[in-house]
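**Student:** sequence first, then the predicted structure, then my questions.
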Amino acid sequence: MPEGPRFGRGLIRALRSRLSGAHFGLLLHGLGAFERVLPHVQVDQWTRAEGNRTGVTPVDSTNRRLRLRLAVPFWDRQGRYQHVPIASELARKTSQGNPQSRTFSEEEQHLAKRLMERLAEDLGVSSTDAVRELQRSVDERAITRHLRDECDLAMDPRPLIGALHGLAEQTYENRSVAFGVLLTPSAGGEPAVDVPLFPDGYLRSKKYRALSDGYRTAYDLDAEGRVRGLADLTACEDVPRGQYYFPEWARALASATLEVNEAGRCRLGVALTRRGDIVVVRNGSLRFSFRGGRWQYWNHRHIMDLTKTAAESAQGVVGRLYRLALDLSFRHSGGLIVVLSDDDDLRNVVRPGDAIGDTERTDNADREFDTAVGRPFVTNVQIAVLIELASLDGALVVARDGRVLAYGAVLRPKRQGRISGSEGSRTKAAIGASYYGVSIKISSDGDMTFYQNGQDFLTI
């Protein structure tokens with residue numbers, strides 16, 4: 001997790017002296033939203049700027065860096081409304097051997113603008129009590145506004161998201177509630193004003209909550225937020241091959257968002273899982289998630305770029321492993337995936353007897369299963385089978401070309417690197433194994449951390 005915004009010399013003192021405690025807390029929290037919501041980016045030090053503009057603009061024509069500007073409002077001792085202009089730059093994180101990164105997409109630029117505008121507007125509220133309340137929802141309000149604009153929604157999605165937060169605390173027949181909705185974009189023109197997104201009666205009634213689970217069924221809403229019926233998601237499970245990334249349980253929901261309306265716009269899928277996570281799916285891929293109290297935007301292409309370069313593997317292999325890690329992440333089961341740079345290092349990483357076909361295999365079932373599965377490639381194994389192999393205690397170890405070398409393996413890497421006593425066994429194994437390739441550690445809370453040469457280069 002990011003440590004918080006960094007400031008140039010004397011700037012933090014100047015800001016603290018002009019803002020109330022509540023406003024200064026909101027400022028720090030709001031500036032931290034960029035690395036919180038966009039975990040694949042990094043923000044430079046904040047410095048004083050000229051003018052009183054708030055906004056986000058590309059630094060140059062390459063669109064690889066964004067200039068962030070914020071006119072921090074305050075009231076001076078005479079009660080006059082003033083500003084302290086500050087600025088920074090936003091860039092993507094890089095990995096070893098991959099100093100270049102993709103350009104920022106229009107969607108990312110739009111989201112960054114919404115985060116900045118939301119913060120500036122909230123800082124302009126004079127009531128300290130109101131500011132403390134606004135701080136709790138600044139990320140969510142920026143994201144829901146982004147979704148409304150970017151996805152051409154005719155309704156405000158905030159009431160639905162708020163209702164899902166409430167449903168996450170409820171149960172039905174002693175089970176946590178799961179819920180799903182498909183939102184239809186506007187056919188064009190100006191969005192309707194104050195259109196209710198979803199009838200309150202549906203959310204208050206247990207029977208109507210039970211009709212939708214987001215896995216097999218979802219409420220189908222028209223552009224004005226009225227219920228058109230229940231969508232059978234299982235009829236949409238065949239997602240075309242391509243760059244589509246989602247937890248495997250959300251395959252049907254992701255496929256449903258590939259359908260277009262009469263204006264040629266794709267629908268938006270929103271689902272609450274039984275673990276209390278909220279996922280937002282668009283154009284066949286996971287776009288946003290809310291879990292552990294934090295909203296996050298998913299840039300799959302950039303994550304793939306970093307991992308592909310670090311692992312020196314083919315796009316298809318890395319894509320398959322990333323899909324696998326993504327599924328384990330939303331299962332909250334934890335896991336560890338290692339891509340070895342050299343097959344000869346297998347014995348330097350995996351405990352003797354744990355690799356497929358190892359002569360020191362002592363368990364008859366292990367030897368028999370090895371014979372049955374052979375030495376499969378991750379690109380040829382069905383994703384459901386691959387998920388089960390990766391869900392076993394231990395690590396899934398593969399070669400750069402995608403061959404599965406070990407599953408459920410205990411890692412005993414000969415190189416350990418700098419490890420403190422506070423790190424868990426999975427983290428220690430991931431750090432040690434990363435000296436022989438790339439390791440992806442999936443925590444039980446869902447975080448995915450990517451390691452190379454003993455260092456983490458990305459946590460999402």
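**Tutor:** Nice, thanks for sending it over. Numbers count the residues shown, from 1 in each chain.

**Student:** now the element after the lowest-mean-pLDDT helix or strand in the chain, going C-ward?
**Tutor:** The weakest-scoring helix or strand in the chain, judged by mean pLDDT, DSSP states H and E, is helix 200-204 (a mean of 78). Where DSSP states H and E defines the elements, the next helix or strand beyond helix 200-204 is helix 206-210.

**Student:** helices or strands next to that following helix in the packing?
**Tutor:** With contacts taken as 3 or more Cβ pairs under 8 Å, 6 or more residues apart in numbering; DSSP states H and E, helix 206-210 sits against strand 171-172, helix 200-204. Where C-beta positions appear, they are placed from N, C-alpha and C, glycine not excepted.

**Student:** repeat the analysis, applying 7 Å as the threshold.
**Tutor:** Under the contact definition 3 or more Cβ pairs under 7 Å, 6 or more residues apart in numbering; DSSP states H and E, helix 206-210 sits against strand 171-172.

**Student:** list the helices and strands the strand it packs on packs on?
**Tutor:** Secondary-structure packing of strand 171-172 (3+ Cβ pairs under 7 Å, 6+ apart): helix 206-210.

**Student:** how far does the helix it packs on sit from the chain's center?
**Tutor:** 29 Å (Cα atoms, centre = their mean, to the nearest Å).

**Student:** following it, which helix or strand shows up next?
**Tutor:** Once helix 206-210 ends, the next helix or strand along the chain (criterion: DSSP H and E) is strand 217-221.

**Student:** so what strands line up beside that next one?
**Tutor:** Applying DSSP bridges to the sheet, strand 217-221 is found paired with strand 179-183 (parallel), strand 227-232 (antiparallel).

**Student:** helix, strand or coil for the residue nearest to residue 175 when sequence neighbours are not counted?
**Tutor:** Spatial nearest neighbour of residue 175, chain neighbours left out: residue 274 (7.0 Å); criterion: Cβ to Cβ, 6 or more residues apart in numbering. Counting by DSSP: H, G, I helix; E, B strand; the rest coil, the backbone at residue 274 sits in coil.

**Student:** isn't residue 274 right next to residue 179, touching?
**Tutor:** No: the criterion here is Cβ atoms under 7 Å, and residue 274 misses it with residue 179 at 9.8 Å.

**Student:** from what I see, residue 334 and residue 440 are in contact.
**Tutor:** No: using Cβ under 7 Å, residue 334 is not in contact with residue 440, being 11.6 Å away.

**Student:** neighbour count for these two, which is higher?
**Tutor:** residue 440 (27 against 18; other Cβ atoms under 10 Å).

**Student:** so the residue nearest to residue 175 versus residue 172, what's the distance?
**Tutor:** Distance, residue 274 to residue 172, using Cβ to Cβ, to the nearest Å: 10 Å.

**Student:** what segments of the stretch 101-250 of the chain are helices?
**Tutor:** In the stretch 101-250 of the chain, the helices defined using DSSP state H, counting those that start in this stretch lie at 106-123, 128-135, 138-150, 158-167, 200-204, 206-210.
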